[in-house]
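S.K.: Give the three-dimensional model of this entry:
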Amino acid sequence: MYPAKARLALACGLMIAVGMAARAQLSVGDLRNMSPSVEELNPARMTAFTGLTVIDGDPYWRVDLRPDLSFGRLGIGMKGVLLIGTPENEDGTKLLTEDGEEWDSFGSFLRSVRYVRWAYPRSPFYALYGELFDVNIGHGMLMEGYSNLDRRGARLNVNRRVWGLESVLNNIDNPELFGARAYFRPLRLPILNRLAVGASYLTDVDPIPSHEDEDALQTYALDASIPIISTDSLLVEVYDELAFESLPVLGAESEDVSGNAVGIGLEVSKLHAKLEYRTFDAGFEPSLFDYNYEARARTADLLEGGVQGIQFNPANDATKGVFGKASLNVLDQVHLSGLYEDYDGDGPNSDPKLGLRLVETDLIQEVDLRAFYIKRGISSSDDESFLEDLVDLDEKSLFIVEVAYNIAGPVQVLVTREFRFRERKDEDGFETIQKTNVQIGLSLGY
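M.R.: Take a look at the predicted model:
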């Protein structure tokens with residue numbers, strides 16, 4: 001490991017040790033999903049804004065109406081966004097969707113419903129239809145921080161004392177990726193009754209839409225965890241997750257590769273943290289289903305020896321390294337989290353991955369701030385290239401920042417800046433999009 005990377009790992013460790021979100025109470029064997037879901041951070045609220053939007057250099061007038069409704073455990077989020085403008089190389093004024101697309105597909109209308117949910121991911125029973133963001137399955141070796149990129153999917157979780165289930169479906173309109181993890185606590189002996197074992201299966205039945213004869217992408221994982229300290233105020237847990245990936249290869253049978261993570265998790269008061277030591281076969285892709293998996297998969301192409309983007313990649317050496325994640329809730333006013341991973345060897349897996357997330361609501365009374373940044377494959381040849389690549393937003397990045405300033409009462413000025421992915425207008429894969437919004441309107445809580 002380069003000295004600069006070692007220093008960064010230490011800095012990130014110190015930073016994320018002050019890092020996002022608490023649960024109402026400790027839950028033995030459930031340290032895998034530390035971040036609060038997006039809907040847990042969105043109170044019941046009605047917002048109505050209008051202003052200017054610039055998408056990839058094209059200006060539009062924007063009208064944005066978003067009610068978040070809560071009826072006990074039932075939550076409903078709607079999104080009515082209308083853009084008025086003239087895209088480049090097109091004639092006449094057009095009425096478009098949020099990302100500058102035509103209202104010409106069923107998916108465009110599906111997106112008007114952001115979510116319909118029952119309870120929250122760690123509730124005894126949780127169900128969701130809608131946008132998926134920062135979804136984890138198991139301890140994260142297969143799915144960590146997954147997003148379906150503003151399409152509408154589904155989740156169903158069951159959390160009982162003896163057993164549980166977590167599941168995901170990426171797209172109601174055109175389902176391709178789905179899977180589940182079941183876990184249970186099989187023993188009734190003292191101390192060992194806290195042992196939890198789990199099994200996961202995730203598959204993408206059409207990983208390369210441009211090819212009709214490739215194999216499905218299939219992944220499996222087995223995990224076990226047991227707390228070594230468990231009190232009302234402190235939980236320390238050790239766990240192991242063994243993962244397998246069967247990745248499509250052009251003109252040959254799928255390539256089977258595996259990886260393993262041994263970790264320790266900590267939960268104390270408002271702090272959650274975990275640290276893992278991971279080892280991989282050549283070609284294994286850790287956290288394969290992540291924030292930009294859909295973009296990598298739906299725009300990838302089969303090559304000799306693998307699949308560009310989601311592949312068995314011979315350039316990925318058999319390797320080992322560390323993964324860390326931590327989160328902190330400060331007085332229910334600031335939620336901060338971060339993750340960092342870095343591995344030895346050559347190939348794409350050897351370059352670090354860094355993620356940060358911040359939600360500030362009441363610390364500064366007039367200002368609400370939400371920010372999310374993550375990037376994989378950061379160049380690590382030296383200090384300068386690392387810092388340059390860190391701030392260079394590209395197809396390996398996701399960046400969202402939103403600042404709301406309260407002028408008076410419910411009147412707000414809202415400024416957002418986004419670099420993310422969207423489905424192409426012809427629905428043939430995904431593309432990056434840069435968007436800036438400056439709006440004024442009302443935000444009413446109820």
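S.K.: which residues of this protein score low on pLDDT?
M.R.: Filtered on pLDDT under 70, the chain yields the residue ranges 1-43, 191, 213, 249-252, 300-316, 347-348, 380-383, 425-427, 446.
S.K.: from the middle of its chain, how far away would stretch 74-83 be?
M.R.: Here stretch 74-83 shows a centroid-to-chain-centroid distance of 20 Å under the convention C-alpha atoms, centre = their mean, to the nearest Å.
S.K.: Check which residues of that stretch are buried.
M.R.: 75-77, 79, 81-83 (16 or more other C-beta atoms under 10 Å). All C-beta atoms are positioned from the backbone trio N, CA, C, and that covers glycine.
S.K.: could I get it in CSV with only the CA atoms?
M.R.: Only the C-alpha atoms of stretch 74-83 are listed here, as CSV (Å, rounded to 0.1, in the frame of the first residue of the first chain):
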residue,chain,number,x,y,z
LEU,A,74,-47.9,4.0,5.8
GLY,A,75,-45.8,6.5,3.9
ILE,A,76,-46.4,7.9,0.4
GLY,A,77,-44.1,10.1,-1.6
MET,A,78,-45.2,11.7,-4.9
LYS,A,79,-43.2,13.8,-7.4
GLY,A,80,-44.7,16.1,-10.0
VAL,A,81,-41.9,17.8,-11.9
LEU,A,82,-42.4,19.7,-15.2
LEU,A,83,-39.6,21.2,-17.3
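S.K.: How about residues contacting that stretch?
M.R.: Stretch 74-83 has contacts (C-beta atoms under 8 Å, 6 or more residues apart in numbering) with 39, 42, 44, 53, 55, 60-70, 95-98, 100, 111-118, 130.
S.K.: are any of the residues you listed buried, and which?
M.R.: Using 16+ other C-beta under 10 Å as the burial test, those include 39, 42, 53, 55, 60, 62-64, 66-68, 70, 96-98, 100, 111, 114-117, 130 as buried.
S.K.: among those residues, which are in strands?
M.R.: Members of the buried ones among the contacts of stretch 74-83 lying in strands (criterion: DSSP state E): 53, 55, 60, 62-64, 66-68, 70, 96, 114-117, 130.
S.K.: any idea which element Val415 lies in?
M.R.: Per DSSP states H and E: Val415 is located in strand 411-423.
S.K.: Pull out the buried residues from the helix or strand following that strand.
M.R.: Per DSSP H and E, strand 411-423 leads on to strand 430-445 as the next helix or strand towards the C-terminus. Within strand 430-445, the residues that count as buried by 16+ other C-beta under 10 Å are 430, 432, 435, 437, 439, 441, 443.
S.K.: how about a markdown table for those, with distance to Leu398 added?
M.R.: Listed next are the buried residues of strand 430-445 as a markdown table, based on distance: C-beta to C-beta, whole Å:
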| residue | distance to Leu398 |
| --- | --- |
| Phe430 | 12 |
| Thr432 | 10 |
| Lys435 | 13 |
| Asn437 | 17 |
| Gln439 | 22 |
| Gly441 | 26 |
| Ser443 | 25 |
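S.K.: contacting residues around the residue lying closest to Trp118 once chain neighbours are set aside?
M.R.: Nearest residue to Trp118 in three dimensions, chain neighbours excluded: Ala127, at 4.6 Å (C-beta to C-beta, 6 or more residues apart in numbering). The contact partners of Ala127, taken as C-beta under 8 Å, 6+ apart, are 117-119, 154-157.
S.K.: How about Ala127: which residues does it bridge to?
M.R.: Counting by DSSP bridges, Ala127 forms beta bridges with Trp118, Leu156.
S.K.: For it, give its distance to Ser167.
M.R.: 10 Å (C-beta to C-beta, to the nearest Å).
S.K.: Which residues are in contact with each of these two?
M.R.: In contact with both Ala127 and Ser167: 155-157, using C-beta under 8 Å, 6+ apart.
S.K.: of all the contacts of Ala127, which comes closest to Lys375?
M.R.: Nearest to Lys375 among those is Arg155, at 25.5 Å by C-beta to C-beta.
S.K.: So the closest one is in contact with Ser123, correct?
M.R.: No - here Arg155 lies out of contact with Ser123, judged by C-beta atoms under 8 Å, at a distance of 11.8 Å.
S.K.: So which of the two has more stuff around it?
M.R.: Using other C-beta atoms under 10 Å as the criterion, Arg155 and Ser123 rank with Arg155 on top: 20 against 14.
S.K.: CSV for the shared contacts of Ala127 and Ser167, including distance to Asn292?
M.R.: Shown next, in CSV, are those (distance: C-beta to C-beta, whole Å):
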residue, distance to Asn292
Arg155, 19
Leu156, 24
Asn157, 24
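S.K.: any idea which of those residues is closest to Leu331?
M.R.: Asn157 (28.0 Å).
S.K.: Okay, helices next: where are they in this protein?
M.R.: 3-16, 106-110, 293-298, 383-391 (DSSP state H).
S.K.: Run the chain-centre distance for the second one.
M.R.: When you say that, I think you mean helix 106-110. Distance of helix 106-110 from the chain centroid (C-alpha atoms, centre = their mean) equals 22 Å.
S.K.: Could I get the buried residue list for that helix?
M.R.: Within helix 106-110, the residues that qualify as buried by neighbour count (16+ other C-beta under 10 Å) are 107-108.
S.K.: List of residues touching it?
M.R.: For helix 106-110, the surrounding residues in contact (C-beta under 8 Å, 6+ apart) are 97, 101-103, 151-152, 172-174, 423, 427.
S.K.: Output it in PDB with nothing but the alpha carbons.
M.R.: Extracted C-alpha coordinates of helix 106-110, given in PDB (Å, rounded to 0.1, in the frame of the first residue of the first chain):
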ATOM      1  CA  PHE A 106     -44.800   4.000 -18.900                       C
ATOM      2  CA  GLY A 107     -41.700   4.400 -16.800                       C
ATOM      3  CA  SER A 108     -41.900   8.200 -17.100                       C
ATOM      4  CA  PHE A 109     -45.400   8.100 -15.400                       C
ATOM      5  CA  LEU A 110     -44.300   5.400 -12.800                       C
END
